[in-house]
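Peer 1: sequence below, structure please.
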Amino acid sequence: MGKIYQIYGRDAHDMTMRLLEAAGAIRLVPSGGGVALKPNLVVAGTAENGAITHPGVLSGCLEYFRAHGVTDLSVIESSWVGEETLRAMRRAGYEEVCRRYDAPFCDLKKDGTRPVQTAVGPIEICRRALDAGLLVDLPVLKGHCQTVMTCALKNLKGCLPDKEKRRFHAMGLHRPIAALGAALRPGLIVVDSICGDLDFEEGGNPVQTGRMYLGTDAVQLDAYGCALMGLRPEDVAYIGLAEQYGAGCAAWSADDLTELNSPCEAADYPGPSGAVAALTRGVHENQACSACFAALVRALHATGRGVGGDIYIGQGWRGQTPDGLGIGNCCRGCASCVEGCPPAADAVARRLETWNGR
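Peer 2: Sure thing, here's the model as predicted:
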């Protein structure tokens with residue numbers, strides 16, 4: 001099993017640099033090879049909306065690899081069908097980042113392709129992705145209206161021409177996504193889980209988590225992402241299929257996690273709004289860290305349950321003994337508690353399934 005490095009905070013640039021340094025990412029770059037960064041730039045928007053990779057993740061990667069002597073650096077991406085990639089790039093703030101680090105931005109909608117034989121037949125893949133010395137996948141962990149969640153594996157779909165993207169939808173998404181993951185295996189993945197959307201790839205209902213994580217196995221990182229979202233890997237069909245096709249291994253355990261700092265460094269959770277506010281109506285929140293509150297939000301959404309009883313969360317409940325369900329180690333004094341700092345959303349979801357308010 002691969003190692004997963006995890007960090008909490010508010011500064012995406014600094015968090016990215018610290019993850020890359022801790023993992024010794026420079027060793028993954030082949031001698032004389034270049035690095036291609038593939039963010040998630042599905043639509044024209046800002047990272048705060050929960051849909052696209054934070055520009056700080058991009059700048060952190062560019063600064064790290066530049067500082068370690070890599071001269072061949074590029075950013076590659078194509079937005080979804082119907083969106084202009086360059087418009088989305090400028091809206092996201094990537095143009096200024098690429099200029100600052102002298103890294104070209106390559107619109108893959110204009111790139112050539114090569115057919116690659118896969119488990120579902122030949123797939124046309126953009127040449128710049130295939131030819132990268134080190135392909136760095138920079139996905140956002142977020143919900144998706146068709147595949148339930150999207151992260152490392154599905155982000156590779158941006159390395160396809162639009163005609164293949166359309167064909168993937170005609171094929172039902174899961175099988176071709178899994179096959180693509182086995183054919184185009186990124187050497188490094190840095191997951192932006194700072195504020196991914198609740199259930200929609202276009203954003204609109206971001207869940208503030210203040211978390212990022214890094215690894216080298218896209219299947220494992222997607223399976224871990226499921227746990228963070230209150231899902232089971234089997235809820236996302238392409239994860240199991242990708243493992244069958246040889247894209248990686250879905251297994252992970254707590255022993256695989258290397259925590260670089262404390263969840264408290266993610267800051268307190270901001271006042272929720274929209275769908276998030278509706279899900280958490282009635283929750284007794286008192287100085288909750290973003291990572292902990294996000295686990296509860298994801299679990300409530302995944303189970304489709306209302307609060308259904310008194311739920312307590314936050315450092316402000318430490319040492320108190322309220323009669324209800326506590327979320328996180330700070331609420332151990334509650335009548336019942338899902339422990340963890342922070343607890344994983346899947347653990348919270350399992351407890352909510354049996355919670356009857358007592």
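Peer 1: the helices in the protein, which residues?
Peer 2: For the chain, the helices defined by DSSP state H cover 12-23, 55-67, 85-92, 94-100, 127-130, 152-155, 162-170, 174-183, 218-228, 237-245, 274-279, 290-303, 345-354.
Peer 1: angle of the first one against helix 55-67?
Peer 2: Translated: helix 12-23. Interaxial angle, helix 12-23 versus helix 55-67 (axes from the mean of the first three to the mean of the last three CA atoms, to 10 degrees): 50 degrees.
Peer 1: what's in contact with helix 12-23?
Peer 2: 3, 5, 7-9, 26, 47, 54-57, 59-61, 63-64, 188, 190, 192, 194, 212-214, 258, 260 (CB atoms under 8 Å, 6 or more residues apart in numbering). In this view, the C-beta of every residue, glycine as well, is placed from N, C-alpha and C.
Peer 1: on that earlier part again, out of the helices of the chain, which gets the lowest mean score?
Peer 2: Among these, helix 274-279 carries the lowest mean pLDDT, a mean of 82.
Peer 1: which of the residues in it are buried?
Peer 2: Residues of helix 274-279 classed as buried under the neighbour-count rule (16 or more other CB atoms under 10 Å) are Ala275, Val276, Leu279.
Peer 1: again, but for stretch 299-319
Peer 2: Neighbour-count burial for stretch 299-319 [16+ other CB under 10 Å]: 299-303, 307, 310-317.
Peer 1: ok, Trp220 - contacts?
Peer 2: Rather than Trp, residue 220 is Gln. Met1, Gly2, Ile4, Gly248, Cys249, Ala250, Ala251, Trp252, Asp256.
Peer 1: ok, the fifth one touching Leu221?
Peer 2: Same thing as Cys249. No. Contact between Cys249 and Leu221 fails when scored by CB atoms under 8 Å: they sit 10.8 Å apart.
Peer 1: neighbour-wise, which of those two wins?
Peer 2: For Cys249 and Leu221, the more surrounded residue by other CB atoms under 10 Å is Leu221, and the numbers stand at 27 against 14.
Peer 1: let me see the confidence value for Gly357.
Peer 2: The predicted local confidence for Gly357 is 58.
Peer 1: and Val307, by the same measure?
Peer 2: Value for Val307, per-residue pLDDT: 69.
Peer 1: likewise Val236?
Peer 2: At Val236, pLDDT is 97.
Peer 1: and stretch 347-358, what's buried?
Peer 2: Neighbour counts using 16+ other CB under 10 Å place Ala347, Val348, Ala349, Arg350, Arg351, Leu352, Trp355 of stretch 347-358 among the buried residues.
Peer 1: what sits up against it?
Peer 2: Applying CB under 8 Å, 6+ apart, the contact partners of stretch 347-358 are 230, 295-296, 298-300, 302-303, 305, 308-310, 325, 327, 335-336, 338, 340.
Peer 1: on that earlier part again, could the helices of the chain go into CSV alongside distance to Ala266?
Peer 2: Putting those into CSV (distance: least, CB to CB, whole Å) gives the following:
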stretch, distance to Ala266
helix 12-23, 10
helix 55-67, 15
helix 85-92, 22
helix 94-100, 23
helix 127-130, 32
helix 152-155, 21
helix 162-170, 34
helix 174-183, 29
helix 218-228, 13
helix 237-245, 26
helix 274-279, 16
helix 290-303, 4
helix 345-354, 15
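Peer 1: and Gly33, which of those helices is closest to it?
Peer 2: Nearest of the helices of the chain to Gly33, taken as CB to CB: helix 55-67 at 11.0 Å.
Peer 1: what's the closest one in contact with?
Peer 2: Residues beyond helix 55-67 that count as contacts (CB under 8 Å, 6+ apart) turn out to be 11-17, 20-21, 25-26, 29, 35, 37, 39, 47, 73, 75, 92-94, 96-98, 100-101, 103, 136, 138, 190, 192, 212.
Peer 1: starting at the chain centroid, how far to stretch 259-272?
Peer 2: Centroid separation for stretch 259-272 versus its chain: 16 Å, with CA atoms, centre = their mean, to the nearest Å.
Peer 1: what's the end-to-end length of that stretch?
Peer 2: One end of stretch 259-272 to the other measures 26 Å (CA to CA, to the nearest Å).
Peer 1: so for it, mean pLDDT?
Peer 2: 85.
Peer 1: tell me the buried residues in that stretch?
Peer 2: Neighbour count says stretch 259-272 has Leu260, Pro263, Cys264, Glu265, Ala266, Asp268, Tyr269, Pro272 buried, by 16+ other CB under 10 Å.
Peer 1: surely the fourth one is in contact with Arg211?
Peer 2: No. The pair formed by Glu265 and Arg211 falls short of the contact definition of CB under 8 Å, at 10.1 Å.
Peer 1: give me the common contacts of the two.
Peer 2: In contact with both Glu265 and Arg211: Tyr8, using CB under 8 Å, 6+ apart.
Peer 1: thinking again about what came up before, ranking the helices of the chain by burial, who's on top?
Peer 2: Ranked by mean neighbour count under mean count of other CB atoms under 10 Å, the helices of the chain are led by helix 152-155, which reaches a mean of 29.
Peer 1: domain parsing of this protein, as residue ranges.
Peer 2: Domain segmentation of the chain under automatic domain parsing yields 4-261, 264-354.
Peer 1: contacts only, for Ile189.
Peer 2: Ile189 touches Val136, Asp137, Leu138, Pro139, Ala152, Leu214, Gly215, Thr216, Asp217, Ala218, Leu221, counting by CB under 8 Å, 6+ apart.
Peer 1: quick check: the closest residue to the fourth one other than its chain neighbours vs Tyr101, distance?
Peer 2: Going back to what we said before, that points to Pro139. Excluding its sequence neighbours, the residue lying closest to Pro139 (CB to CB, 6 or more residues apart in numbering) is Asn155, at 3.7 Å. As for Asn155, its distance to Tyr101 is 21 Å (criterion: CB to CB, to the nearest Å).
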